[in-house]
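**Q** below is the structure, and that's it, no one-letter string:
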């Protein structure tokens with residue numbers, strides 16, 4: 001007779017409890033109903049999806065996002081001379097370029113679409129940050145989720161807003177499009193002497209790889225000791241038991257480093273936020289402060305001179321023409 005192994009029942013779907021703060025904010029504005037996706041249970045994760053709570057700030061964020069998407073789609077269709085099929089076929093190659101200078105674009109085609117979309121993006125992400133803060137207040141949480149969200153906004157705003165303002169032209173920002181983003185990153189490194197020599201870039205990569213390693217180590221450790229209660233992390237922060245003690249002992253014996261259930265989350269937060277903060281600093285100092293990272297590296301003993309590309313050769317090279325300038329507008333050699 002075959003042995004039948006009973007599969008555990010799926011958990012009951014949870015519906016958020018009502019709260020006076022929800023009723024005063026566009027009626028709570030929960031979208032959809034909770035549904036269960038059973039296949040997720042095979043991966044050991046919760047099977048529930050939905051409902052989604054928006055509220056006033058969330059609704060405004062979605063409205064601005066949809067408006068920006070509509071503007072971007074219209075600009076792409078116009079760029080393809082009204083041919084929607086060509087837009088779908090060459091979607092990756094569509095790019096909505098920013099205008100030259102810091103003023104208003106002379107027309108929609110010459111940067112106006114880019115400026116409108118940037119405005120909708122800024123309104124959308126800031127409203128979503130407001131939604132995050134609203135939820136934190138609702139649950140009486142501390143503001144760390146908001147800090148994490150704002151750090152991501154900082155990096156994006158540095159690339160599209162702060163650095164172009166410092167450099168004196170919106171054209172220093174990437175065009176809107178898939179390939180144009182990649183081209184901007186490549187050209188940014190080439191124009192400013194190889195971004196890999198930028199110490200802030202190095203620090204950002206350290207935080208990036210370090211955060212993935214820490215998250216993997218932490219997740220694996222909790223799963224390995226969950227039978228002893230280490231997965232009840234809030235309770236373990238207040239009063240550690242055998243699972244947490246064994247986890248700490250394992251890593252102290254393995255790598256000589258110790259983190260408790262509280263401090264490991266501090267490390268995880270700062271490593272993740274450090275990635276985008278270091279990236280933002282490295283980007284905004286490129287150009288206004290450091291003109292060539294290769295020269296900077298040679299001057300500070302950071303980089304060894306190699307081949308014909310010497311420091312004197314770089315300093316004697318003609319100055320870069322302003323973004324969007326014609327040949328006649330190019331400045332003389334420096």
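**A** On my side now, so go ahead. Being a predicted model, the structure only gives us computed values, none of them experimental.

**Q** could you check the pLDDT of the nearest residue in space to residue 167 that is not next to it in sequence?
**A** Once flanking residues are discounted, residue 167 sits nearest to residue 287: 5.5 Å by Cβ to Cβ, 6 or more residues apart in numbering. In this view, the C-beta of every residue, glycine as well, is placed from N, C-alpha and C. Per-residue pLDDT puts residue 287 at 91.

**Q** count the neighbours of residue 287 for me.
**A** Number of residues near residue 287 (other Cβ atoms under 10 Å) recorded here: 17.

**Q** so it makes contact with residue 163?
**A** Yes: using Cβ atoms under 8 Å, residue 287 is in contact with residue 163, at 7.2 Å.

**Q** list residues touching both of those two?
**A** Taking Cβ atoms under 8 Å, 6 or more residues apart in numbering as the criterion, residue 287 and residue 163 both touch residue 172.

**Q** returning to what we had before: residue contacts, the residue nearest to residue 167?
**A** Taking Cβ under 8 Å, 6+ apart, one finds 163, 166-167, 172, 192 in contact with residue 287.

**Q** out of the residues you listed, which is nearest to residue 222?
**A** The nearest member of the contacts of residue 287 to residue 222, counting by Cβ to Cβ, is residue 163 at 39.5 Å.

**Q** can I assume the closest one sits in a helix?
**A** Yes: looking at residue 163 with DSSP: H, G, I helix; E, B strand; the rest coil, it is inside a helix.

**Q** okay, now it: neighbour count?
**A** Residue 163, neighbours per other Cβ under 10 Å, totals 20.

**Q** grab the nearest non-local neighbour of it.
**A** Nearest non-adjacent residue to residue 163, counting by Cβ to Cβ, 6+ apart: residue 284, 5.1 Å away.

**Q** same thing with residue 30?
**A** Closest residue to residue 30 apart from its sequence neighbours, by Cβ to Cβ, 6+ apart: residue 51 at 4.6 Å.

**Q** thought residue 32 was touching that neighbour, still the case?
**A** Yes: counting by Cβ under 8 Å, residue 51 touches residue 32, with 4.8 Å between them.

**Q** who's more crowded, these two?
**A** More crowded of residue 51 and residue 32, by other Cβ under 10 Å: residue 51, with 17 against 9.

**Q** distance-wise, check that one relative to residue 153.
**A** 26 Å (Cβ to Cβ, to the nearest Å).

**Q** give the contact list for residue 165.
**A** Here residue 165 is in contact with residue 102 (Cβ under 8 Å, 6+ apart).

**Q** likewise the one 3 residues further on?
**A** Counting by Cβ under 8 Å, 6+ apart, residue 168 touches 101-102.

**Q** does the closest residue to residue 200 other than its chain neighbours sit in a helix or strand, and which one?
**A** Spatially, and ignoring its direct neighbours in sequence, residue 200 is nearest to residue 282 (2.9 Å; Cβ to Cβ, 6+ apart). Taking DSSP states H and E as the definition, residue 282 sits inside helix 263-284.

**Q** averaged pLDDT, the helix or strand following that helix. What do you get?
**A** For helix 263-284, the following helix or strand on the C-terminal side (DSSP H and E) is helix 293-299. Averaged across helix 293-299, pLDDT comes to 86.

**Q** same question, stretch 139-156
**A** For stretch 139-156, the per-residue pLDDT averages 91.

**Q** buried sites along that stretch?
**A** 146, 149-151, 153-155 (16 or more other Cβ atoms under 10 Å).

**Q** over to stretch 79-89?
**A** Buried, per 16+ other Cβ under 10 Å, within stretch 79-89: 79-80, 87.

**Q** and which of those is nearest residue 101?
**A** Minimum distance to residue 101 across the buried residues of stretch 79-89 is 21.6 Å, recorded for residue 79 (Cβ to Cβ).

**Q** list the contacts of that closest one.
**A** 87, 94, 96.

**Q** can you check residue 85 too?
**A** Residues counted as contacts of residue 85 (Cβ under 8 Å, 6+ apart): none.

**Q** go on, the one 5 residues further on?
**A** Contacts here follow Cβ under 8 Å, 6+ apart; on that basis residue 90 touches residue 80.

**Q** next, it: phi, psi?
**A** Main-chain dihedrals, residue 90, degrees, to the nearest 10: phi -110, psi 30.

**Q** which residues of the stretch 101-250 of the chain fall in strands?
**A** For the stretch 101-250 of the chain, no strands are identified by DSSP state E, counting those that start in this stretch.

**Q** all helices in it, in order from the N-terminus.
**A** 113-139, 144-157, 163-167, 178-191, 199-224, 233-238, 242-255 (DSSP state H, counting those that start in this stretch).

**Q** so, low pLDDT: which residues of the stretch 201-334 of the chain?
**A** Residues of the stretch 201-334 of the chain meeting the criterion pLDDT under 70: 307-334.

**Q** having no further points to raise, I will conclude here.
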